[in-house]
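> Any chance you could fold what I've pasted below:
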Amino acid sequence: MEVFDQYAKNYDLWYEKPFGNSAFRLEVSCLERVLDPFSSSLEVGVGSGRFAKALGIPYGLDPSIELLRLAKRRGVVGILGRAEALPFKESSFDLVLMVVSVCFFQKPLSAFEEARRVLKRDGGLVLGLVLSESPWANFYREKAKKGHPIYSHARFYSFGELSYMLNQTHFRIEKIYTTLFEEPQDQEPLKNQEIREGFWKEGGFFCIKARKLSL
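Residues are numbered from 1 along each chain as shown. Next up is the predicted model:
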């Protein structure tokens, strides 16, 4: 997506700001709750590589060459490409990670199908995302209405829609955790560090582990 090339540095610097830094650390902690041990892994929509580096994922795919340059500086092997057409052989990975990227996919169903194809038998798909029931989704939608260059391209899915898409692409949800239990804002560091097991719509960030099912 061209907008990420244009705003790559600003996007990455968001994580250095007081809110962004505290949210990142909390989101990483949430994702760690749903990660099983893995040997071969890929982040789809790797962006600038912050989550991949923090979680020990060596490979990252993204459509933005500028973001991939930043990821490379963090030690991530970047591959230019799109989630809907992964340039990998079947059964290449035991973990595929997608963090705050599903809302930007043109065809999320195709992206999940591709994730399933490149996963090994019983491989895991881990998602970190904002869902439409969350007050945080409304917060970002308001930014989009005001012309925010990145959120204007985002589409937030409900937990029901996401569950349906995972079911349709032969994944079974195994673990869910929720965090960001605070009034939405993006300036001050987060105070509430709570991470709850399960889906809580009043939260802002959802970590989901889904298992590839055998056909």
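> tell me the mean pLDDT over stretch 95-103?
Stretch 95-103 shows a mean pLDDT of 96.
> So for it, what gets flagged as buried?
95, 96, 97, 98, 99, 100, 101, 102, 103 (16 or more other Cβ atoms under 10 Å). (Each C-beta comes from the backbone N, C-alpha and C, glycine too.)
> which other residues reach that stretch?
For stretch 95-103, the surrounding residues in contact (Cβ atoms under 8 Å, 6 or more residues apart in numbering) are 27, 31, 35-36, 38, 40-45, 47, 51-52, 55, 57, 83, 108, 111, 115, 118-119, 123-130, 154-157, 162.
> Show me where the chain has its strands.
41-44, 59-62, 77-80, 93-99, 119-129, 171-179, 195-197, 205-212 (DSSP state E).
> Check the model's average confidence along the second one for me.
Just to be clear, that refers to strand 59-62. Rounded mean pLDDT across strand 59-62 is 98.
> What subset of the contacts of stretch 95-103 is buried?
Here, 16+ other Cβ under 10 Å leaves 27, 31, 35, 38, 40-45, 47, 51-52, 55, 57, 83, 108, 111, 115, 118-119, 123-130, 154, 156-157, 162 buried among those.
> ok, the closest residue to residue 34 other than its chain neighbours - contacts?
In this structure, residue 34 finds its nearest non-sequential neighbour in residue 209, 3.8 Å apart by Cβ to Cβ, 6 or more residues apart in numbering. By Cβ under 8 Å, 6+ apart, the residues touching residue 209 are 34, 35, 36, 124, 125, 126, 173, 174, 175, 176.
> partner residues bridging the fifth one?
Looking back up the chat, that one is residue 125. residue 96, residue 210 (DSSP bridges).
> show me the contacts for it.
Contacts of residue 125 (Cβ under 8 Å, 6+ apart): 95-96, 98, 112, 115-116, 119, 166, 171, 209-212.
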